[in-house]
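> take a look and give me a structure for this.
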Amino acid sequence: MIGSFPQFVTQEVCLACNGCCRFSGPNSCWRPKVLKRENFPEFKGHLTDDNYIKTLKYKDAVKCSFFYEIENKCKVYPIRPFECHLYPFLLEKKGDNILLGVHLACPYVQDHRGDKEFDKYVDYLKDFFLGGEAKELLGDYTKIANDYSKHEKEIEDLYIFG
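Model prediction:
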């Protein structure tokens, strides 16, 4: 069950932030992709043909179709996609390689980068993705790896998986 996967940023901190779930455009690389085994009935009508979460017009940009801006809440937080659960960590596609990275724009990362909690979580993620648990839980999790090359100054690469 994805819900039992430990999250680095607590729910309270995550939902209080004003950064996530909003994107510069409808095809932003930051939009979460839903794995086939995560395609819950609640997601019906909210996914593109290639399994990205649809966006809606929001101020001068767009927002995740599950984001309720008045209360700064996610409508599907308990069953949100793994990619959302993993954030501010992310899987990057660079050429033929998949990397574990962290989004440095996250305020929680800015406050905790380099402390024991952060390092312990990075070690957990390495073990998770290198072990069989990730494939068992997520199937082909490499399908959520994305090209963030336009944002490479905002991302710190932590580990190359191959």
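> ok, which stretches of this protein are helices?
11-16, 82-86, 107-112, 116-130, 132-138 (DSSP state H).
> out of these, which is closest to T48?
helix 82-86 (14.1 Å; Cβ to Cβ). All C-beta atoms are positioned from the backbone trio N, CA, C, and that covers glycine.
> residues in contact with the spatially closest residue to K150 that is not a sequence neighbour?
Leaving out its chain neighbours, the residue that sits closest to K150 by Cβ to Cβ, 6 or more residues apart in numbering is C29, at 7.1 Å. The contact partners of C29, taken as Cβ atoms under 8 Å, 6 or more residues apart in numbering, are 146-148, 150-151.
> turn those residues into JSON lines, columns for neighbour count, pLDDT and distance to D50.
Shown next, in JSON lines, are the contacts of C29 (neighbours: other Cβ atoms under 10 Å; pLDDT from 0 to 100; distance: Cβ to Cβ, whole Å):
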{"residue": "N146", "neighbour count": "20", "pLDDT": "91", "distance to D50": "12"}
{"residue": "D147", "neighbour count": "11", "pLDDT": "93", "distance to D50": "14"}
{"residue": "Y148", "neighbour count": "20", "pLDDT": "94", "distance to D50": "17"}
{"residue": "K150", "neighbour count": "9", "pLDDT": "93", "distance to D50": "19"}
{"residue": "H151", "neighbour count": "17", "pLDDT": "93", "distance to D50": "20"}
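> export the residues you listed as JSON lines, with columns for distance to F40.
Formatted as JSON lines, the contacts of C29 follow (distance: Cβ to Cβ, whole Å):
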{"residue": "N146", "distance to F40": "21"}
{"residue": "D147", "distance to F40": "26"}
{"residue": "Y148", "distance to F40": "26"}
{"residue": "K150", "distance to F40": "30"}
{"residue": "H151", "distance to F40": "29"}
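> kind regards, and thank you for your time.
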